[in-house]
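In: A predicted structure for the sequence below; I have some questions about it.
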Amino acid sequence: MLEIEVKAPVADLAGLEAKLRGMGARDFGTLAQKDVYYAHPTKDFAVTDEALRIRIENDLQLLTYKGQKIDPSSKAREEIEVSIANAKAMADILERLGFRPVLTVAKTRKVLGLRGISVCLDHVYGLGDFVEFEFGGEELEKGKEEIARLMRELNVRGNERRSYLELLLLRSQVDHRKT
């Protein structure tokens, strides 16, 4: 399945949430997410534009593979995700196979839905506030059009194609240069 996603930084998450609710958005709840990203033992995921992570989301535990981005104007990519019963055991398996943990991304995510689009209002610890618009399915152009329309209606500008992992790694490099 394709994950068609556009992400942008946001100055006022509460204001954006109020706008969405005024448009009739459905509330799917708030999630505490902790994503542990792994490096492959023989290839550089930063070069191949792939990702492997274990996500702990409230009581849910998932293993996710994200393929290369396939579209220059969004973060559309293949995503394969499976539920796992024991994140710690899965981490042990990955590490015994040569994968190593790179970084943990922690965030609070409020999920709203409007017109077939999941709108995620994210507070990413160490990074700030973002909104992600996600359209699931195989129709890339339709998903991009629907997301662009909703972004215009909400007056959201920007398109951050880098992942939270990439942004945190970049911030870490900048912080290390300052010291």
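Out: Sure, I can see it. Numbers count the residues shown, from 1 in each chain.
In: what element comes up after whichever strand or helix holds residue 89 heading to the C-terminus?
Out: For residue 89, the host element (DSSP states H and E) is helix 87-96. Read in the C-terminal direction, the helix or strand following helix 87-96 is strand 100-114, with elements assigned using DSSP H and E.
In: That following strand pairs with which strands, parallel or anti?
Out: Partner strands and pairing direction for strand 100-114 (DSSP bridges) are strand 26-39 (antiparallel), strand 117-124 (antiparallel).
In: That one: which residues count as buried?
Out: By neighbour count, with 16 or more other CB atoms under 10 Å as the criterion, the buried positions of strand 100-114 are 102-103, 105-107, 109-112, 114. In this view, the C-beta of every residue, glycine as well, is placed from N, C-alpha and C.
In: can you put these in a markdown table and add pLDDT and distance to residue 130?
Out: Converted to a markdown table, the buried residues of strand 100-114 look like this (pLDDT from 0 to 100; distance: CB to CB, whole Å):
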| residue | pLDDT | distance to residue 130 |
| --- | --- | --- |
| 102 | 92 | 20 |
| 103 | 93 | 17 |
| 105 | 95 | 12 |
| 106 | 96 | 14 |
| 107 | 96 | 9 |
| 109 | 96 | 10 |
| 110 | 97 | 12 |
| 111 | 97 | 13 |
| 112 | 97 | 14 |
| 114 | 94 | 17 |
